[in-house]
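Colleague: quick one, what's the 3D model for this:
(one chain, ligands or ions: 2)
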Amino acid sequence: MGTSRAEVGGEGLVEEIVGYVYSFEGSYTPDRVEVSLLADKEVYRGEYLCIRHPTLHSKHVFFQVETAYLRRPSASYEEKLVRDGIIRHDPEKITGKAVCWQVGYDDDGTIRPLLTPIQPLTPVYRPSQQALTSFLTAEGPSISVGRMYPTDIPIKIALKPLFRQGALVVGGVGTGKSTLLLSLMINILNSLNRMARILLIDWDGEYNSEQLRKAAEQAGGYVKVTASTKLARKKINLPAQEWYDRFRKTSAKLVRTRL
Ligand SMILES: Nc1ncnc2c1ncn2[C@@H]1O[C@H](COP(=O)(O)OP(=O)(O)O)[C@@H](O)[C@H]1O
Ligand SMILES: [Mg+2]
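Modeller: Ligands and ions are numbered 1, 2, ... in the order given. Alright, predicted model coming up:
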């Protein structure tokens, strides 16, 4: 099995080898990497792993584990044995696998992608807490939006790109989008950054939060404009076919006006 700890990198970071890039199917791309894990190693979904940059030797290219699974080649007779209740455990047949997607490498504060395929059998490391924190910590003014589950590593968003490029928050109902936005606004106001101007359009009044009000007051005040008019919604009951026809007509009209 060899040694599982190795000294890597110019920053004297001790990293742990968890496995090697190995594709069962035999293809190797830059963005998706399949890893075979050493027998005594486990990784979890969402975990960050890294490899050494193939040409820039002091840098590491980071990946995030999309799925972690076990591979156990099956024999044709085995399912019949299981059906008959004859269970033969064979740990030697099991290999831990991880499918990871590239995040990129830190090029003096900018995250850049590695564009060339990752070589087969490239060693894959678990970065030290320090290496991961420094990779995830943005340069310049930033706000904290939480910790990376299940670790204690803070997740920070740099204010400059947030203000200049924006952010899109996507997720299912009840997954915490509104709460994240509330926490973003409060943190931006508390950071007292002079670039910050917030226009909040709150359809349902869900941001009627004392904490947000206080943060806005302390950051220089706010104006609240309420509109009492409610859009009248006509309720029409239609048979399914008619509803479908109207829906198609309306959406076709919308598409035409957009173009
Ligand atoms: N980070 C979090 N930890 C625990 N509970 C949370 C977290 N973020 C949101 N919630 C809770 O989950 C529920 C749904 O959150 P909400 O922000 O309204 O979701 P969404 O806007 O995506 O529908 C709320 O009760 C909220 O308090
Ligand atoms: Mg919401």
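
Colleague: alongside ligand 1, which residues does this protein contribute?
Modeller: For the chain, the contact set with ligand 1 under C-beta under 6 Å from any ligand atom comprises 171, 173-179. For glycine as for every other residue, the C-beta is placed from the backbone atoms N, C-alpha and C.

Colleague: try it again at 5 Å.
Modeller: 173-179 (C-beta under 5 Å from any ligand atom).

Colleague: between those, which is closest to residue 74?
Modeller: Set against residue 74, the nearest of the residues of the chain next to ligand 1 by C-beta to C-beta is residue 175 (36.2 Å).

Colleague: for that closest one, which three-state class applies?
Modeller: Per DSSP: H, G, I helix; E, B strand; the rest coil, the local secondary structure of residue 175 is coil.

Colleague: what about it, distance to residue 187?
Modeller: From residue 175 across to residue 187, the span is 19 Å (C-beta to C-beta, to the nearest Å).

Colleague: likewise residue 231?
Modeller: Residue 231 is 33 Å from residue 187, by C-beta to C-beta.

Colleague: quick one, strands of the stretch 1-150 of the chain?
Modeller: Assignment of strands within the stretch 1-150 of the chain using DSSP state E, counting those that start in this stretch yields the ranges 5-8, 13-21, 32-37, 48-52, 60-71, 95-107, 110-112, 123-126, 142-147.

Colleague: ok so, going back, ok, residue 231 and residue 187, which is more surrounded?
Modeller: Taking other C-beta atoms under 10 Å, residue 231 and residue 187 do not tie; residue 187 has more neighbours (18 against 4).

Colleague: how about the more buried one, nearest residue that isn't a chain neighbour?
Modeller: Spatial nearest neighbour of residue 187, chain neighbours left out: residue 143 (3.9 Å); criterion: C-beta to C-beta, 6 or more residues apart in numbering.

Colleague: for the one you found, the count of nearby residues, please.
Modeller: Residues near residue 143, counting by other C-beta under 10 Å: 21.

Colleague: before we move on, what about residue 251?
Modeller: By other C-beta under 10 Å, 10 other residues sit near residue 251.

Colleague: swap in the one 3 residues further on?
Modeller: Summarising burial for residue 254: neighbours were counted as other C-beta under 10 Å, giving 10.

Colleague: that's a strand at it, yeah?
Modeller: No: counting by three-state DSSP, residue 254 is not part of a strand but helix.

Colleague: the closest residue to residue 146 other than its chain neighbours and ligand 1, how far apart?
Modeller: With C-beta to C-beta, 6+ apart as the criterion, residue 146 has its nearest non-adjacent residue at 5.4 Å, and that residue is residue 155. Residue 155 is 11 Å from ligand 1, where distance means C-beta to the nearest ligand atom, to the nearest Å.

Colleague: and residue 155, what is it in contact with?
Modeller: Counting by C-beta atoms under 8 Å, 6 or more residues apart in numbering, residue 155 makes contact with 136, 144-148.

Colleague: adjacent strands (with direction) for the host helix or strand of it?
Modeller: Element membership of residue 155, judged by DSSP states H and E, is strand 154-158. If you go by DSSP bridges, strand 154-158 pairs up with strand 142-147 (antiparallel).

Colleague: ok, and what's touching the strand it pairs with?
Modeller: Residues from elsewhere that reach strand 142-147 (C-beta under 8 Å, 6+ apart): 153-159, 180, 183-184, 187-188, 191.

Colleague: residue ranges with poor pLDDT in the stretch 101-250 of the chain?
Modeller: 193-195, 229-230 (pLDDT under 70).
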